[in-house]
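**Q** Structure of the sequence below:
(one chain, ligands or ions: 2)
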Amino acid sequence: MSGGGAFVRFEQVGFSYGDGPEVLHDVSFDLEPGTFHFLTGPSGAGKTSLLKLLYLAQRQTRGAIRLFGRDTASLSRLEAPVVRRRIGVVFQDFRLLPHLSAFDNVALPLRVASVGEAQIRQHVGELLAWVGLADALDARPATLSGGEQQRLAIARAVVARPDLLVADEPTGNVDDHNAQRMMRLFQNAHHYGATVVVATHNAALVERYNYPQLHLEAGKLSILPAAGSA
Ligand SMILES: Nc1ncnc2c1ncn2[C@@H]1O[C@H](COP(=O)(O)OP(=O)(O)O)[C@@H](O)[C@H]1O
Ligand SMILES: [Mg+2]
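**A** Ligands and ions are numbered 1, 2, ... in the order given. Coordinates of the predicted model:
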């Protein structure tokens, strides 16, 4: 069968919400393990929709998606969450839990995975220091700045050491300094082995970094070479 070992493979994928018009058309691409891509395109082009297919929040309406060597359509109800846990997601609206502290927000995926508390304390402490929130362990998300909330969301996305890390417009509402800081966190996760996809419509950001682009225009994908040099 084609694509047996594909890490990520979209084959002629089409997608529509319910009975609505198709928003992704014949999208095909491969992601090799260890790569870093931007996902670009204007607002409404389909970036968020493509990411939702990638992290199994939606199902394609036609075509095939392979993740970590598996055809996602063949995953059982028990298998899908196991595959999903290999993917870290930074949501556009963060989705931090407001009643939990910064520490507990990041610890949650590990607690769900039954990791021991001693290990959680060490690992989460290190991660929060890594994102510059060592002094905010007890803070509720609402008391943090926008940039801090985004870094907290990144810490939560990487805490379980995902094989695939996807971020939806993570630099959307932050200034240039915070956008670069965030990019350094993604680069760091990349160096530790994660395959990374960062959706953005920030052309200046894309031009600054030397990563190829999955580029969407009105639901059609093309693959563009790296634009930048860093
Ligand atoms: N939940 C939804 N239900 C119906 N249509 C949607 C939904 N989300 C997005 N769309 C439509 O899908 C298209 C692609 O949107 P989206 O994936 O959010 O693009 P982008 O992230 O690039 O801005 C748009 O036409 C948008 O209106
Ligand atoms: Mg979007």
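
**Q** Tell me where the longest helix sits in the chain.
**A** The residue-count maximum for a helix in the chain (DSSP state H) belongs to helix 176-191.

**Q** other SSEs contacting that helix?
**A** Packing partners of helix 176-191 (3 or more C-beta pairs under 8 Å, 6 or more residues apart in numbering; DSSP states H and E): strand 36-40, helix 146-158, strand 164-168, strand 195-199, helix 203-208. Glycine gets a C-beta too; all of them are placed from N, C-alpha and C.

**Q** between those, which gets the lowest average pLDDT?
**A** Ranked by mean pLDDT, the helices and strands packed on helix 176-191 end with helix 203-208 at the bottom, a mean of 89.

**Q** Summarise which helices and strands that one is packed against.
**A** strand 36-40, helix 176-191.

**Q** Of those, which stretch is the most buried?
**A** Compared across those, strand 36-40 shows the largest average neighbour count, a mean of 23 (mean count of other C-beta atoms under 10 Å).

**Q** Does the very next helix or strand once past that one reach ligand 1?
**A** The C-terminal neighbour of strand 36-40 among helices and strands, as given by DSSP states H and E, is helix 47-54. Yes - Helix 47-54 reaches ligand 1 (C-beta under 6 Å from any ligand atom) through 47-49.

**Q** just checking: which of those also lie near ligand 2?
**A** 47-48 (C-beta under 5 Å from the ion).

**Q** Distance of Leu214 relative to ligand 1?
**A** Note on Leu214: its distance to ligand 1, by C-beta to the nearest ligand atom, to the nearest Å, is 11 Å.

**Q** okay but that residue is in contact with Thr35, surely?
**A** No - in this structure Leu214 lies outside contact range of Thr35 using C-beta atoms under 8 Å: 10.5 Å.

**Q** which one of those two has more residues nearby?
**A** Leu214 (21 against 15; other C-beta atoms under 10 Å).

**Q** ok, the helix or strand that one falls within near ligand 2 or not?
**A** Using DSSP H and E, Leu214 falls within strand 213-217. No - no part of strand 213-217 sits near ligand 2 under the criterion C-beta under 5 Å from the ion; the closest distance found is 10.0 Å.

**Q** how about TSV for the helices and strands packed on helix 176-191, with distance to ligand 1 added?
**A** Shown next, in TSV, are the helices and strands packed on helix 176-191 (distance: least, C-beta to the nearest ligand atom, whole Å):
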stretch	distance to ligand 1
strand 36-40	8
helix 146-158	17
strand 164-168	7
strand 195-199	7
helix 203-208	14
